[in-house]
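Q: Fold the following and give me the result.
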Amino acid sequence: MLKALFLPFLRFKDQPFIKPIGRHLAVFSVLLALILEITLPDSGLHPPVDRPYFQYFLIIALAYFVLWPIITIRSQVQKAKIKEKDNFYAATFLLLNILNLVTAKFTLIPAIFFPAPDRILAVLVEDFRYLIFDCLLASAKLLVTGFFSGALAGLITGIAIGFSKPSAYWLNPVIKILGPIPPTAWIPIVLVAFPTTWAGAAFLIALSVWFPTSVMTSSGILNVQNAYFEVSSTLGAKRSYQIFLVGIPAAMPLIFTGLFSGACASFLTLMTAEMVGVKNGIGWYINWQREMLSYANVYAGLIIIAISFYSLITLFFKVRDRILVWQKGMIKW
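A: Coordinates of the predicted model:
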């Protein structure tokens, strides 16, 4: 049934004059967006920008999609990647083109809440120094402090539970009771218990990382085969050797799973903590601009968050693949 519906389209796609377009959909999608951006006048309801940033963006994208296949023409790997991602890039720029038409050209949705792409790109370019070097670095400092504190506490707790029955007896109930509580639920207590909102926010981030890290670390250690410990003990290994050179390396896959879950939870906690108390950072910037009804700045902040968190998770998986060489490629990102 579906094949019969799509058969006319498939036959049309196979025509000789259509095949070149099908192989370069991203180029034609960008070119269409650029032509419409240049030829259609902007609506007067959107504040003008100093420079046509959306045009610049489309020209750069067009140059990339045209030149990169030529530069990497001898690389079969790059050629396969370009072919694989071509439809996705084409759809992405088609959506950007539709967004530009709906906002900048015809203003079919409220301009104050849905700014044109030109306005968002203008914020990213003109406020780059303030947005990146002040707010983003402040968020990075807070995130790194909270994440590594929580990861260290989680590793210590998980190792103690995994290797010590008395520790498991006392710590397991604490983890089961406190762990499932969302870290943001502690905000009213944190605001009065800590001397500064920054310290309280770092504690909330650490708490969000501590729970999954400790659970997965202890689970990984408890699932290590006893034969490993028995063999190491027979060969004269001490307890410290069994912990650091047998148990922890064997539990590494689950430890990284806990760290990954903690990293995702820390991003959410970071944004929430900055929006309710911290006086600097990307979350604070978004909340401040929302109150000022500067939604172009809000969307620019969201783009910075998406790029930053994507880069951090990608780096995390690079480190994981480097450490867990035998599991490289088992979890895709």
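Q: so what's the nearest residue to Ala206 once chain neighbours are set aside up against?
A: Distance criterion C-beta to C-beta, 6 or more residues apart in numbering; nearest residue to Ala206, sequence neighbours excluded, is Gly150 at 3.5 Å. Backbone N, C-alpha and C define where each C-beta goes, glycine included. Contacts for Gly150 (C-beta atoms under 8 Å, 6 or more residues apart in numbering) come out as 205-210, 213, 262, 266.
Q: Got the phi and psi for Gly150?
A: Main-chain torsions, Gly150, degrees, to the nearest 10: phi -70, psi -40.
Q: Kindly reformat the contacts of Gly150 as a markdown table containing secondary structure, neighbour count and distance to Ile98.
A: A markdown table is the format used below for the contacts of Gly150 (DSSP: H, G, I helix; E, B strand; the rest coil; neighbours: other C-beta atoms under 10 Å; distance: C-beta to C-beta, whole Å):
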| residue | secondary structure | neighbour count | distance to Ile98 |
| --- | --- | --- | --- |
| Ile205 | helix | 29 | 38 |
| Ala206 | helix | 23 | 43 |
| Leu207 | helix | 26 | 42 |
| Ser208 | helix | 29 | 37 |
| Val209 | helix | 29 | 39 |
| Trp210 | helix | 28 | 44 |
| Thr213 | helix | 30 | 42 |
| Gly262 | helix | 27 | 38 |
| Ser266 | helix | 29 | 35 |
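Q: what two of those residues are the furthest from one another?
A: Using C-beta to C-beta, the pair of those lying farthest apart is Ile205 and Thr213, separated by 12.3 Å.
Q: number of nearby residues for Ala90?
A: Number of residues near Ala90 (other C-beta atoms under 10 Å) recorded here: 20.
Q: same check, this time on Ala122
A: By other C-beta under 10 Å, the burial measure for Ala122, its neighbour count, is 23.
Q: tell me the secondary structure for the nearest residue to it once chain neighbours are set aside?
A: Ranked by C-beta to C-beta, 6+ apart and with sequence neighbours excluded, the top spatial neighbour of Ala122 is Val49, at 4.5 Å. Look at Val49: counting by DSSP: H, G, I helix; E, B strand; the rest coil, its state is coil.
Q: Thought Ile120 was touching Val49, still the case?
A: No: here Val49 lies out of contact with Ile120, judged by C-beta atoms under 8 Å, at a distance of 9.9 Å.
Q: what about these two, which has more around it?
A: Ranked by neighbour count (other C-beta under 10 Å), Val49 and Ile120 place Ile120 first, with 24 against 21.
Q: tell me which element that one falls in.
A: helix 117-126 (DSSP states H and E).
Q: Over to Asn287?
A: helix 282-291.
Q: Would you mark the buried spots in whatever helix or strand Met271 lives in?
A: Assigning secondary structure by DSSP H and E places Met271 in helix 248-276. Burial within helix 248-276, assessed by neighbour count using 16 or more other C-beta atoms under 10 Å, is assigned to 248, 250-251, 253-263, 265-267, 269-276.
Q: angle of it against helix 282-291?
A: 30 degrees (axes from the mean of the first three to the mean of the last three C-alpha atoms, to 10 degrees).
Q: Find out how far helix 248-276 is from the centre of the chain, if you would.
A: 12 Å (C-alpha atoms, centre = their mean, to the nearest Å).
Q: give me the element the residue nearest to Phe93 when sequence neighbours are not counted is part of.
A: Nearest residue to Phe93 in three dimensions, chain neighbours excluded: Ser29, at 4.3 Å (C-beta to C-beta, 6+ apart). According to DSSP H and E, Ser29 maps onto helix 25-39.
Q: Does anything pack onto that helix? Which helices or strands?
A: On a contact count with 3 or more C-beta pairs under 8 Å, 6 or more residues apart in numbering; DSSP states H and E, helix 25-39 meets helix 53-71, helix 76-100.
Q: ok, residues contacting stretch 292-308?
A: So stretch 292-308 is contacted by 112-115, 119-120, 122-124, 127, 131-132, 135-136, 139-140, 271, 282, 285-286, 289-290 (C-beta under 8 Å, 6+ apart).
Q: Neighbour count says what about the residues you listed? Which are buried?
A: Buried by 16+ other C-beta under 10 Å: 114-115, 119-120, 122-124, 127, 131, 135-136, 139, 271, 282, 285-286, 289, out of the contacts of stretch 292-308.
Q: Helix 282-291 and the strand or helix carrying Phe317, what's the angle between them?
A: Using DSSP H and E, the element containing Phe317 is helix 295-323. Angle of helix 295-323 versus helix 282-291, following the same axes, to 10 degrees, is 160 degrees.
Q: can you tell me the average pLDDT over helix 295-323?
A: For helix 295-323, mean pLDDT rounds to 91.
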